[in-house]
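Undergrad: Sequence first, then the predicted structure, then my questions.
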Amino acid sequence: MRPQPVNVSVSLLREELWQASSCFRNAEGPSAMMGGLFHRTIERLLTGDSRWTSILTGQDLADHLTLRRHAYERILGPQLTQHEAALKESGRQVLWLWTALDEACHWLSNLLQAARDQGWIGYDPEGGCWTGADRLIASEQPLSREFHKPHWRAPVRISGVADAILRDPKTGRWCCVEFKLNDGLEPLDLCQAAMYRLLITAEDKDNDGDIALVRFAPERRERVLTAAQLKPATDELLNLAARLAGVATTASHRPAALDEKMKEGIRRKIQDRTVIVNLEKQIISVLESFGLQTSSAGDPIVGPTFVRFSLKPGRAVPVKKILNRDEDIGVQLGVEPPIVQVEDGVLVVDVSRREQREFVPFSRINETLPAVDPLNGCSKIPLGVDLNGKVRSIDLSASESPHVLVAGTAGSGKTEWLRAAIASLVLTNTPDTLRLVLVDPKHVGFTDLAESRFLLHERALVLPPDGSLIEQLSLLVDEMERRYREFQLERADDLSMWRAKTGRSMPRIVCFIDEFADVMADTTQRKLLEDRVVRLGAKARAAGIHLILATQYPDAKTVSSRLQANLSVRVCLRTTTWQQSMVALKRRGAERLLGKGDLFYSLGDRLWRLQSAYLTESDRRRIFQL
């Protein structure tokens with residue numbers, strides 16, 4: 001007689017994995033209450049009398065704002081009112097939740113549009129109802145499957161409840177979706193994903209069944225995991241389930257290898273919580289010793305290269321006096337002087353993580369890049385990743401950000417930033433929508449692009465002193481004027497309007513100049529170079545021509561006031577002196593950056609601290625050969 005199966009839940013497996021590593025308990029992110037509110041809101045958007053079908057029609061399907069308003073007024077708002085007392089001190093958490101909900105509504109709107117385009121759902125205007133909606137997605141879907149191995153005393157039935165099961169409009173396959181409202185537990189989430197992959201897979205179809213992790217932290221990131229990607233973890237997870245069920249006939253221990261992988265992934269993101277809390281207390285104590293009363297203004301945020309502490313000055317305590325105590329804080333704590341500044345109206349203290357700093361792989365940027373548009377291409381350049389894990393970008397076609405000044409001393413990561421920017425443009429364009437002019441005085445920065453199809457012409461990789469930069473800039477000025485004449489014939493204001501009116505493609509041109517100080521060193525050519533750069537900076541945006549100038553030496557001689565006036569976007573990595581920081585950013589601070597991609601990005605009066613992505617040599621060669 002076959003023994004009865006022993007039941008084990010996915011939540012029990014997750015809890016056991018949670019217990020396997022103490023550092024899980026230090027994970028930062030939204031509270032359990034926020035996670036519950038978010039999941040309940042998404043569930044009701046997908047099912048019940050408040051689902052999306054009750055508010056959206058065929059005309060406003062693409063308007064995610066309508067969906068967001070409905071989600072707040074009918075679902076989330078009443079829940080927040082019920083918990084009003086508990087949320088009085090949780091303003092930042094509520095803002096996190098609101099941003100995540102906006103992203104979730106945008107995600108759902110895109111999904112529904114794709115499903116309608118595939119003909120899987122449709123709207124009946126006469127009946128005022130949707131058809132096919134019930135077959136597209138199911139929320140809070142129970143999943144269960146029985147497993148048995150020869151060395152088990154009894155079968156194990158694993159069961160769980162998936163956030164959603166949907167049909168992927170791109171592939172037509174059924175997919176399990178898990179919504180995550182954090183950014184610190186990915187190894188744990190991947191293990192849970194592996195279990196759900198098993199539960200939705202038929203016994204004889206090991207290659208069926210994908211898992212999508214849609215993470216709102218609070219910005220949206222999607223990752224689809226196939227059976228092949230998850231298979232290495234599934235055997236260990238099944239052994240863990242057998243141990244929990246007590247059916248294993250041989251000694252079955254907690255999967256040590258899996259635990260170590262999880263611990264390694266978590267430790268790269270999270271420092272010991274006790275150390276961080278004590279460090280914050282020390283900062284407050286140091287300031288108090290100088291008569292500057294402060295208090296914590298929010299939870300510390302652990303970034304790839306530094307920990308950010310938010311402080312609230314006491315009554316009648318001038319902020320400027322705190323800003324001037326950076327060196328005192330560093331000496332008292334035994335660390336490098338932190339960067340103390342006001343960002344988004346909050347006083348912040350950034351303390352470096354020299355021993356535990358992480359790098360941001362280019363794949364983190366790559367996963368956010370849009371699909372290639374064969375007509376319009378893409379004019380966005382990712383700058384780096386902020387403390388919340390969000391990729392910050394600029395749009396070269398926008399009037400406020402057509403040209404960029406990049407500054408940074410040797411070892412700061414300047415050339416790596418330029419390469420990552422070029423790689424992003426190459427991956428989101430074709431040679432019909434993008435062409436490059438690359439000036440490389442060192443003869444090592446852009447040589448992988450020597451044979452690239454994206455070069456404007458065969459001499460567009462300029463290697464001074466052999467190549468003439470003045471000649472190339474003069475050609476760009478001539479091309480700018482030619483384009484304006486062509487735009488005039490079509491009554492188009494800029495490149496985007498010309499493309500829309502003609503339905504034809506004209507490539508955007510981006511000119512990267514590395515080591516600008518070197519090419520400006522020749523006093524006989526400096527005035528000619530500056531005149532052409534200023535002319536392009538003033539007029540070239542609408543023509544679809546953009547300049548990205550980089551220098552190790554951002555001094556007034558290299559970056560004159562005429563140039564600065566036309567380079568609105570500043571990307572400043574570590575500088576040698578505070579004077580160079582003043583030229584690049586119009587403020588001090590860049591001399592305190594940590595190097596290797598740690599940067600400030602400024603546009604107007606706004607300043608952000610980001611970590612640029614690292615493009616490996618193999619990825620660089622692969623991408624630049626496209």
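TA: Cool, the structure landed. All values derive from a computational prediction rather than experimental measurement.

Undergrad: So which residue is smack in the middle of this protein?
TA: The C-alpha lying nearest the average C-alpha coordinate of the chain belongs to Val391 (Cα atoms, centre = their mean; 3.1 Å).

Undergrad: beta partners of it?
TA: On the basis of DSSP bridges, Val391 is bridged to Val385.

Undergrad: Please name the residues that touch the spatially closest residue to Pro3 that is not a sequence neighbour.
TA: For Pro3, ignoring the flanking residues on the chain, the nearest one in space by Cβ to Cβ, 6 or more residues apart in numbering is Ala154 at 4.0 Å. (Glycine included, C-beta is placed from N, CA and C.) The contact partners of Ala154, taken as Cβ atoms under 8 Å, 6 or more residues apart in numbering, are Pro3, Gln4, Pro5, Val6, His148, Ala245, Val247.

Undergrad: So the third one sits against Pro155, correct?
TA: Yes. Applying Cβ atoms under 8 Å as the test, Pro5 and Pro155 come out as touching, 4.0 Å apart.

Undergrad: shared neighbours, those two?
TA: In contact with both Pro5 and Pro155: Glu146, His148, using Cβ under 8 Å, 6+ apart.

Undergrad: Could you list the domains of this protein?
TA: The record's domain split for the chain, according to automatic domain parsing, is 1-268, 273-352, 377-624.

Undergrad: of those, which approaches Arg364 most closely?
TA: Shortest separation from Arg364 across these is recorded for domain 377-624, at 6.1 Å, computed as Cβ to Cβ.

Undergrad: Report the rounded mean pLDDT for that closest one.
TA: In this model, domain 377-624 has a mean pLDDT of 90.

Undergrad: cool, and stretch 131-147?
TA: 80.

Undergrad: Show me which parts of it are buried, residue by residue.
TA: Under the neighbour-count criterion of 16 or more other Cβ atoms under 10 Å, stretch 131-147 has Ala133, Leu136, Ile137, Ala138, Ser139, Gln141, Leu143, Arg145, Phe147 buried.

Undergrad: any chance you could map the helices in the stretch 301-450 of the chain?
TA: With helices called from DSSP state H, counting those that start in this stretch, the stretch 301-450 of the chain shows them at 319-323, 326-333, 362-366, 414-427.

Undergrad: Please tell me how far the residue nearest to Pro3 sits from Val6.
TA: Between Ala154 and Val6 the computed distance is 6 Å (Cβ to Cβ, to the nearest Å).

Undergrad: Now the common contact residues for those two.
TA: In terms of Cβ under 8 Å, 6+ apart, Ala154 and Val6 are both contacted by the residues Ala245, Val247.

Undergrad: Going along the chain, name the helices of the stretch 51-200 of the chain.
TA: For the stretch 51-200 of the chain, the helices defined by DSSP H, counting those that start in this stretch occupy 64-70, 77-82, 91-117, 133-136, 186-199.

Undergrad: With respect to burial, which of the ones you listed scores highest?
TA: Most buried of the helices of the stretch 51-200 of the chain, by mean neighbour count (mean count of other Cβ atoms under 10 Å): helix 186-199, with a mean of 22.

Undergrad: quick check: mean pLDDT across that helix?
TA: Averaged over helix 186-199, pLDDT sits at 69.

Undergrad: so which helix or strand takes in the nearest residue in space to Leu528 that is not next to it in sequence?
TA: Nearest in space to Leu528, with sequence neighbours left out and distances taken as Cβ to Cβ, 6+ apart, is Ile470 at 5.4 Å. Following DSSP states H and E, one finds Ile470 within helix 469-490.

Undergrad: Does anything pack onto that helix? Which helices or strands?
TA: Helices and strands touching helix 469-490, as assessed by 3 or more Cβ pairs under 8 Å, 6 or more residues apart in numbering; DSSP states H and E, comprise strand 434-439, helix 495-502, strand 508-513, helix 523-539, strand 545-551.
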